[in-house]
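Peer 1: give me the fold of what follows.
(chains A and B)
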Amino acid sequence: DAGVTQSPTHLIKTRGQHVTLRCSPISGHKSVSWYQQVLGQGPQFIFQYYEKEERGRGNFPDRFSARQFPNYSSELNVNALLLGDSALYLCASSGTGTGMNEQYFGPGTRLTVT
Amino acid sequence: EDQVTQSPEALRLQEGESSSLNCSYTVSGLRGLFWYRQDPGKGPEFLFTLYSAGEEKEKERLKATLTKKESFLHITAPKPEDSATYLCAVLGSWSGYSTLTFGKGTMLLVSP
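Peer 2: The predicted model follows:
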């Protein structure tokens, strides 16, 4: 069975640019969450979507946005990139309840902003 | 604001030497506490969910327990393949939104 997939694996962008990261959940999972993980830190919660509606939001600026599509895949968009946005961006899906329990993570997208 | 503090930051054990990792938390209305394992360069792997004080869960050499202020991950007779970073997270709510807060993790190294 395919797990959570994310694309691209690695990405290098310049300050001020825009980036779109993509995530496909495990088949049958309706909830997708996004996290930012800086080296040496735990993941920081950005967004959660369940049944295409935003159900959770972390403390991130409005430059960060996301959406979930009818097939439950998701995109995370970051505008006006800053050096501090360099991190591993993780996507997780859940098939339990409204989606914050027993989450399964993808391998992440490593974003480097220069 | 929800907070999660894990200790120690790093732990080195000999194979077979049992120990415990600590996760202390403050959260408004705990809706669940989670333990994850993360190997270098990979996404976290789900281990346990605990919902209420007194609850315990076990999986192979790992046992997680929960009180009103902290959770422990007990590792019995660890093996080198248990080496990883162990993350604790709490599920709360803020302004009607669900929020999930992770600790910084405990890096465990088990030597043969």
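Peer 1: what residue ranges in the chain score low on pLDDT?
Peer 2: No chain was given, so I picked chain A. Residues of chain A meeting the criterion pLDDT under 70: A:1, A:97-99.
Peer 1: to clarify, I was referring to chain B.
Peer 2: Applying pLDDT under 70 to chain B flags residues B:94-97.
Peer 1: how about a cut-off of 80?
Peer 2: Within chain B, the stretches falling below the threshold (pLDDT under 80) are B:93-99.
Peer 1: select the longest strand from chain B.
Peer 2: Criterion DSSP state E: the longest strand present in chain B is strand B:84-94.
Peer 1: that one: partners in the sheet, and parallel or antiparallel?
Peer 2: Its sheet considered, strand B:84-94 pairs with strand B:32-38 (antiparallel), strand B:97-102 (antiparallel), strand B:106-111 (antiparallel) by DSSP bridges.
Peer 1: around chain B, which positions in chain A sit nearby?
Peer 2: Taking CB under 8 Å from any CB of the partner chain as the test, the list of chain A residues beside chain B reads A:4, A:33, A:35, A:40-45, A:48, A:55-58, A:90, A:92, A:98, A:100-108. Just so you know, the C-beta spots here come from the backbone N, C-alpha and C atoms, and that holds for glycine as well.
Peer 1: mark which of these are buried, thanks.
Peer 2: By the neighbour-count criterion of 16 or more other CB atoms under 10 Å in any protein chain shown, the residues of chain A next to chain B include these buried positions: A:4, A:33, A:35, A:42-45, A:48, A:55-58, A:90, A:92, A:100-108.
Peer 1: the residue nearest the centre of chain A bridge partners, please.
Peer 2: A centroid search over chain A (CA atoms, centre = their mean) returns residue A:34, at 3.1 Å, as the residue closest to the centre. On the basis of DSSP bridges, residue A:34 is bridged to residue A:47, residue A:91.
Peer 1: got the contact list for it?
Peer 2: Shown in contact with residue A:34 (CB atoms under 8 Å, 6 or more residues apart in numbering or on different chains): A:23, A:45, A:46, A:47, A:48, A:66, A:74, A:76, A:89, A:90, A:91, A:92.
Peer 1: nearest spatial neighbour of the fifth one, skipping sequence neighbours?
Peer 2: Spelled out, it's residue A:48. Spatial nearest neighbour of residue A:48, chain neighbours left out: residue A:56 (3.2 Å); criterion: CB to CB, 6 or more residues apart in numbering or on different chains.
Peer 1: where's that neighbour, which helix or strand?
Peer 2: Per DSSP states H and E: residue A:56 is located in strand A:53-57.
Peer 1: find the helix or strand that residue A:42 is a member of.
Peer 2: Using DSSP H and E, residue A:42 falls within no helix or strand.
Peer 1: swap that for residue A:23, please
Peer 2: Residue A:23 belongs to strand A:19-24 when assigned by DSSP H and E.
Peer 1: sheet partners, orientation included, of that strand?
Peer 2: When pairs are called by DSSP bridges, strand A:19-24 turns out to pair with strand A:5-7 (antiparallel), strand A:74-78 (antiparallel).
Peer 1: distance from the chain centre to it, please.
Peer 2: Centroid separation for strand A:19-24 versus its chain: 7 Å, with CA atoms, centre = their mean, to the nearest Å.
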